[in-house]
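Novice: Any chance you could fold what I've pasted below:
(chains A and B)
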Amino acid sequence: MIAAGSETPLSAPLDVGFDYTRSVGPVLGRFVNALRERRIVGIRGSDGRVHVPPVEYDPVTARALTEFVDVADEGTVVSWSWAAEPLAGQPLERPFAWALIRLDGADTALLHALDAGSAANVHTGMRVRARWSDEPVGHIRDIAWFVAADAPPDPAPTPPPPPVAEREDGEPVGTIITPIHLRYQHSASPEESRYLRGLAEGRLIGQRCPACRKVYIPPRGACPTDGVPTAEEIELPDTGIVTTFCIVNVPFLGQRIKPPYVAAYILLDGADIAFLHLVLGCAAEEVRMGMRVRAAWRPCEEWSTTLENITHFAPTGEPDAPYENFAHHL
Amino acid sequence: MGKRLAAVLGTGQTHHRAKRTDVSMPGLLREAVDRAMADAQVDWPDIDVVVLGKAPDMFEGVMMPELFLADALGANGKPLLRVHTAGSVGGSTALIATGLVQAGVHRRVLTVAFEKQSESNAMWALSITPPFHMPVGAGAGGYFAPHVRSYLRRSGAPEHVGAIVAAKDRRNGALNPYAHLRQPDITVESVRASQMLWDPIRYDETCPSSDGACAMVLGDEAAGDAVPGGAAWIHATSMRTEPTTFAGRDQVNPQAGRDAAAALWREAGITDPLSQVDAAEIYVPFSWFEPMWLENLGFAPEGEGWKLTEAGETALGGRLPVNPSGGVLSTNPIGASGMLRFSEAAKQVMGRAGDYQVDGARIALGHAYGGGSQYFAMWVVGAGKPHTPS
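Specialist: Numbering: from 1, shown residues only, chains lettered A, B, ... in the order given. The predicted model follows:
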């Protein structure tokens, strides 16, 4: 094996996030709209149990449920866990308990935060009451958190609940917003890392399969056709052809290149697989299948371990490759 | 020991819309499930197992949604499985459910697929660029448009054929009370005048983003025999997969699809699909995929699928009506889109397709594909039992 593994694979953060919109439907809708009025409603199941929050379908019979029941905003801790180091976005910034709380009048427990100062102050069977948000909006966080039932009134303001979706004045809440963010550390494989480090030096490094002799760029460390490890490195030129392409005219959320742009499969000379890149340097309608192109590199002082070192591919002006030469790459 | 017979006992689907904000995710599923169970004349105790499918969790931002959907699916105390094969998932979910009956493990299976696209944005979810990569991705349209261009080059198809598909499917959708887009007045000319989104794919040649669900109840031979008016008997099933990219991959006419079709026709005893199949529900999210899949499935020789379309043979009344329900071009709740193809095929042979019924349909194809044309799932259903269950 050539040096793969002799250097640490590259990795970089990948943050993925979206403010999801949840339509609550008729049952959870009743629950969140009651919260806006500082009331808590549950629903009665076929076995007589009162579920809080209300469930849309009976856990026993699967029938749709409709009998709403008001329950108290006071109840009993069924179980709990201490959150010593609160995370961003959680109800409290100071240490708190996640508690399962059976509200008076309910048969099931609601999960919420309990502000108790220290774990020593929390116990199963403890009586607690809701600390309502100063400005309820129709969201589970209208209950800012729970406190001990006998805690003195807390004059400090509560944080605002997360926003709910815009709606007509006076209309009930039908959609809540649920921001979800995933923070990954994305790692490249050892082979891809060598290719990326090559890019940082202005080089294009692929690998050849020992069985089928096909050249892959980026290299994969194994041939997807033969299933064997690939180790032989091949340095490729920065010229090639457009095999096929599309012209992206549509703007969309998260887009990083301003449309219209030509997204093209570029087959480098000597490679057996094309990769997607941009084509500039001529009008979009002049881009052709088989057109000869050359990489346009950023100034070398801007190079890093990314294919974005090549801003785009531009026509070389040479004659197009004949269709027969690349038909098997489509 | 061969497979046991399996049949579709009933089907159901939601009214599909861009935003079904009137219902929750569980409520959306139940709309389809309640219709399927009513159509099949079964109640919850009749259901032995539930098989759920949906496309990437990123679309709704709920990881493992089957867990919180168990109540709505009546799955408490029963086996509940979730299937995931990207856009083909509705089809492969139905096939996993079928296998449970064919294997003799269960008598009646509820199978459900859904997508609530309005909870996020599919273009965003399908265009996330990991570090070190070139951010040129542009959703599914951006992915497939270059391959459509390759098809045009390879087949020499005239440019207006894509518009013929789009106009046909949208007009068919107007006959379907559940369809998302219902455009009885659309024409080939109006499609060709619509905006070019991902050249060569136009706006009107592109599937919508839909909220919706589809459900079916499948059963064994005894259950199928009891269906008033006749069940849809499952004659053949097949699934194949291939990697998204490898050197020399045929992106226009993928090997996995050809292999899946060959195995399907063999099992169904079909030697001439164009003559022997009465209706086809084929996964066509962008118009050009009709001729591409006609070739991949073996209804036409390579390079000639567009001739069937251009000649009107795939329209209602043609030799092989394709997507009489309006297809994915009229309705696209991604995870459910494959199951809609499978269930619409079943409705045709059960004679329950209403205004878009293909007269005398006895044999129908349901087809789905997903990922970068890398997952294929298909079935053949018939009005009668297969002659020799293999």
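Novice: pretty sure residue B:312 is touching residue B:321, no?
Specialist: No - Residue B:312 lies out of contact with residue B:321 (C-beta atoms under 8 Å); the separation is 10.4 Å. To be clear about C-beta, it is placed using only N, CA and C from the backbone, and glycine gets the same treatment.
Novice: who's more crowded, those two?
Specialist: residue B:321 (26 against 13; other C-beta atoms under 10 Å in any protein chain shown).
Novice: Burial check on residue 194, number of neighbours?
Specialist: Using chain A here. Neighbour count for residue A:194, taken as other C-beta under 10 Å: 25.
Novice: Sorry, I should have been clearer: chain B.
Specialist: Neighbour count for residue B:194, taken as other C-beta under 10 Å: 15.
Novice: Chain neighbours aside, what residue packs nearest to residue 20?
Specialist: No chain was given, so I picked chain A. Excluding the flanking residues, the one nearest residue A:20 by C-beta to C-beta, 6 or more residues apart in numbering or on different chains is residue B:61, at 4.1 Å.
Novice: Wait, chain B was what I had in mind.
Specialist: The nearest residue in space to residue B:20 (C-beta to C-beta, 6+ apart) is residue B:211, at 3.8 Å.
Novice: And for residue A:160?
Specialist: Nearest residue to residue A:160, sequence neighbours excluded (C-beta to C-beta, 6+ apart): residue A:135, at 6.3 Å.
Novice: How about residue B:313?
Specialist: residue B:319 is the one closest to residue B:313 (C-beta to C-beta, 6+ apart), at 4.2 Å.
Novice: Which pLDDT value belongs to that neighbour?
Specialist: On pLDDT, residue B:319 comes in at 98.
Novice: Next up, the contacts around it.
Specialist: Contacts for residue B:319 (C-beta atoms under 8 Å, 6 or more residues apart in numbering or on different chains) come out as B:274, B:308, B:313.
Novice: so which of those residues is the most crowded?
Specialist: residue B:308 (22 neighbours).
Novice: Compute the distance between it and residue A:13, please.
Specialist: 50 Å (C-beta to C-beta, to the nearest Å).
Novice: Also residue A:66?
Specialist: Residue A:66 is 47 Å from residue A:13, where distance means C-beta to C-beta.
Novice: of those two, who's got more company?
Specialist: Neighbour totals were compared for residue A:66 and residue A:13, and residue A:66 leads with 12 against 9 (other C-beta under 10 Å).
Novice: pLDDT at that one, what is it?
Specialist: 97.
Novice: What strand or helix carries it?
Specialist: In this structure, residue A:66 is located outside every helix and strand according to DSSP states H and E.
Novice: Find the nearest non-adjacent residue to it, please.
Specialist: Residue A:66 sits nearest to residue A:43 (C-beta to C-beta, 6+ apart), 7.7 Å away.
Novice: Next to chain B, which bits of the stretch 101-250 of chain A? Give me the list.
Specialist: Contact residues, the stretch 101-250 of chain A versus chain B (C-beta under 8 Å from any C-beta of the partner chain): A:174-175, A:178, A:180, A:186, A:188, A:192, A:196, A:212, A:214-216, A:224-225, A:243-250.
Novice: need the contact list for residue A:327.
Specialist: Contacts for residue A:327 (C-beta under 8 Å, 6+ apart) come out as residue B:154.
Novice: and it, how far is that from residue A:274?
Specialist: According to C-beta to C-beta, residue A:327 and residue A:274 sit 13 Å apart.
Novice: okay, the contacts of residue B:319 in JSON lines with pLDDT and secondary structure next?
Specialist: Listed next are the contacts of residue B:319 as JSON lines, based on pLDDT from 0 to 100; DSSP: H, G, I helix; E, B strand; the rest coil:
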{"residue": "B:274", "pLDDT": "98", "secondary structure": "helix"}
{"residue": "B:308", "pLDDT": "98", "secondary structure": "helix"}
{"residue": "B:313", "pLDDT": "98", "secondary structure": "coil"}
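Novice: Just give me the closest of those to chain A.
Specialist: For the contacts of residue B:319, the minimum distance to chain A (C-beta to the nearest C-beta) is 21.9 Å, reached by residue B:308.
Novice: Was I right to think the closest one contacts residue B:314?
Specialist: Yes - in this structure, residue B:308 is within contact of residue B:314 by C-beta under 8 Å, at 5.7 Å.
Novice: where do the contact lists of the two overlap?
Specialist: With C-beta under 8 Å, 6+ apart, residue B:308 and residue B:314 have common neighbours B:294, B:320.
Novice: quick one: secondary structure of the residue nearest to residue A:66?
Specialist: strand (DSSP: H, G, I helix; E, B strand; the rest coil).
Novice: residues near the residue nearest to residue B:20, how many?
Specialist: Residues lying near residue B:211 (other C-beta under 10 Å) number 26.
Novice: what pairs with residue B:215 across the strands?
Specialist: Here residue B:215 shows beta-bridge partners residue B:12, residue B:112, assigned using DSSP bridges.
Novice: I'd like to know how many residues surround it.
Specialist: So residue B:215, with other C-beta under 10 Å, has 31 neighbours.
Novice: which residues in the stretch 151-300 of chain B form helices?
Specialist: Per DSSP state H, counting those that start in this stretch, the stretch 151-300 of chain B carries helices over the ranges B:161-173, B:188-192, B:221-225, B:255-268, B:273-276, B:289-296.
Novice: and residue B:85, how many neighbours?
Specialist: Residues near residue B:85, counting by other C-beta under 10 Å: 26.
Novice: What pLDDT does the model give it?
Specialist: Turning to residue B:85, the model gives it a pLDDT of 94.
Novice: repeat for residue B:127
Specialist: 81.
Novice: Could you list the alpha-carbon positions for stretch B:117-129 in PDB?
Specialist: Provided in PDB are the C-alpha atoms of stretch B:117-129 (Å, rounded to 0.1, in the frame of the first residue of the first chain):
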ATOM      1  CA  GLN B 117     -42.600  17.200   2.100                       C
ATOM      2  CA  SER B 118     -44.000  20.400   3.500                       C
ATOM      3  CA  GLU B 119     -42.300  19.900   6.800                       C
ATOM      4  CA  SER B 120     -39.000  20.800   5.100                       C
ATOM      5  CA  ASN B 121     -37.600  21.400   1.600                       C
ATOM      6  CA  ALA B 122     -36.500  18.400  -0.500                       C
ATOM      7  CA  MET B 123     -34.200  20.500  -2.700                       C
ATOM      8  CA  TRP B 124     -32.400  21.600   0.400                       C
ATOM      9  CA  ALA B 125     -32.300  18.100   1.800                       C
ATOM     10  CA  LEU B 126     -31.000  16.600  -1.400                       C
ATOM     11  CA  SER B 127     -28.300  19.200  -2.000                       C
ATOM     12  CA  ILE B 128     -26.300  19.200   1.200                       C
ATOM     13  CA  THR B 129     -22.700  19.400   0.200                       C
END
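Novice: Okay, helices next: where are they in the stretch 51-200 of chain A?
Specialist: A:190-199.
Novice: and residue B:329, what helix or strand is that in?
Specialist: helix B:327-330.
Novice: circling back: could the helices of the stretch 151-300 of chain B go into TSV alongside distance to chain A?
Specialist: Putting the helices of the stretch 151-300 of chain B into TSV (distance: least, C-beta to the nearest C-beta, whole Å) gives the following:
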stretch	distance to chain A
helix B:161-173	13
helix B:188-192	15
helix B:221-225	20
helix B:255-268	11
helix B:273-276	25
helix B:289-296	12
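Novice: Please name whichever of the ones you listed is nearest to residue A:60.
Specialist: helix B:221-225 (24.7 Å; C-beta to C-beta).
Novice: Quick one: low-confidence residue ranges for chain B.
Specialist: Across chain B, the ranges flagged by pLDDT under 70 are B:1, B:388-390.
Novice: what residue of it is the furthest out?
Specialist: Of all residues in chain B, residue B:132 has its C-alpha farthest from the mean position, at 34.8 Å, by C-alpha atoms, centre = their mean.
Novice: residues in contact with that one?
Specialist: Counting by C-beta under 8 Å, 6+ apart, residue B:132 touches A:10, A:12, A:188, A:192, A:196, A:305-307.
Novice: of these, buried ones?
Specialist: Neighbour counting by 16 or more other C-beta atoms under 10 Å in any protein chain shown classes A:10, A:188, A:192, A:196, A:305-307 among those as buried.
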